[in-house]
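Visitor: model the following, please.
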Amino acid sequence: MPHPVYSHLFGTVALIGIMVAVGAFVHAVATQAYFDTQRARLAEVAESVAREVVEIASLHTLGEGGFTYMDLHLPQTVGGDAYTVRLVEVEENRVAVIAELQYGYAIRVIVVPNFGSGALRVLEGELELGGFVFSDALRVPCERPVVAVISMGGEYYVALGREA
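Guide: Next comes the predicted model:
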């Protein structure tokens, strides 16, 4: 018959091992649920920006001005995390809207704006215009995020901006 101390020791070690395993399982499930929620929130942000890009392209076509902008109604954080929204030119008149969190998780939405005449391109570099700073990327949180279409040199450029 084994000594009672050994039986108690083995039972205690087994219970601690089970508690650690259950804790790790619960943590993994909670982390997966958190990332699923973040993915859904980020997808909403990307789709919202994509809709605004299509809308501003249509408005600019109707007005034919040199510079048209519209406020973006974005959350300042996604689940408490800062994020970046980027515009990437896939091909002529096709723009990818990429929303990504600081730790690298990204959602990509392709936009095909219904643009009348000329090609719609993504602005490269930074441009200060009308009290805003425009570029192909917007880091949020920021003051007054906007999306704009800018006519330069016979071409139309779409850009994201923030108050200067």
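
Visitor: the bottom helix or strand of the protein by mean pLDDT?
Guide: Least confident helix or strand, the chain: strand 106-111 with a mean of 84, by mean pLDDT, DSSP states H and E.

Visitor: show the pLDDT at P145.
Guide: P145 is assigned a pLDDT of 94 by the prediction.

Visitor: in this protein, which spans are helices?
Guide: Ranges of helices in the chain, per DSSP state H, are 4-63.

Visitor: find the centremost residue of it, please.
Guide: In the chain, the centroid-proximal residue (C-alpha atoms, centre = their mean) is A99; its distance is 2.0 Å.

Visitor: what sits against that residue?
Guide: Contact partners of A99, counting by C-beta atoms under 8 Å, 6 or more residues apart in numbering, are 42-43, 45-46, 49, 78, 83-86, 106-107. C-betas here are computed from N, CA, C, even on glycine.

Visitor: give me the buried positions along stretch 42-49.
Guide: Buried residues in stretch 42-49, counted by 16 or more other C-beta atoms under 10 Å: 42, 45-46, 48-49.

Visitor: okay, now the unreliable bits of this structure?
Guide: Within the chain, the segments meeting pLDDT under 70 span 1-2, 64, 114-117.

Visitor: gap between Q76 and P141?
Guide: Note on Q76: its distance to P141, by C-beta to C-beta, to the nearest Å, is 4 Å.

Visitor: what's the answer for Y83, then?
Guide: Relative to P141, Y83 is positioned 9 Å away (C-beta to C-beta).

Visitor: more crowded one of those two?
Guide: Using other C-beta atoms under 10 Å as the criterion, Y83 and P141 rank with Y83 on top: 26 against 12.

Visitor: picking up where we left off before, beta partners of the residue nearest to the centre of the chain?
Guide: According to DSSP bridges, the partner residues bridging A99 are V85, I107.

Visitor: from here on, call the first residue 214.
Guide: I'll keep to 214 as the first residue from here, and by that count the last item is A312.

Visitor: ok, back up a step: mutual contacts of Y296 and P354, please.
Guide: By C-beta under 8 Å, 6+ apart, Y296 and P354 have these common neighbours: T290.

Visitor: on that earlier part again, what about the residue nearest to the centre of the chain, distance to F345?
Guide: 20 Å.

Visitor: for L255, same thing?
Guide: Counting by C-beta to C-beta - L255 and F345 are separated by 24 Å.

Visitor: then Y369?
Guide: Shown here: Y369 relative to F345, a distance of 17 Å by C-beta to C-beta.

Visitor: those two - which one has more neighbours?
Guide: Ranked by neighbour count (other C-beta under 10 Å), Y369 and F345 place Y369 first, with 23 against 20.
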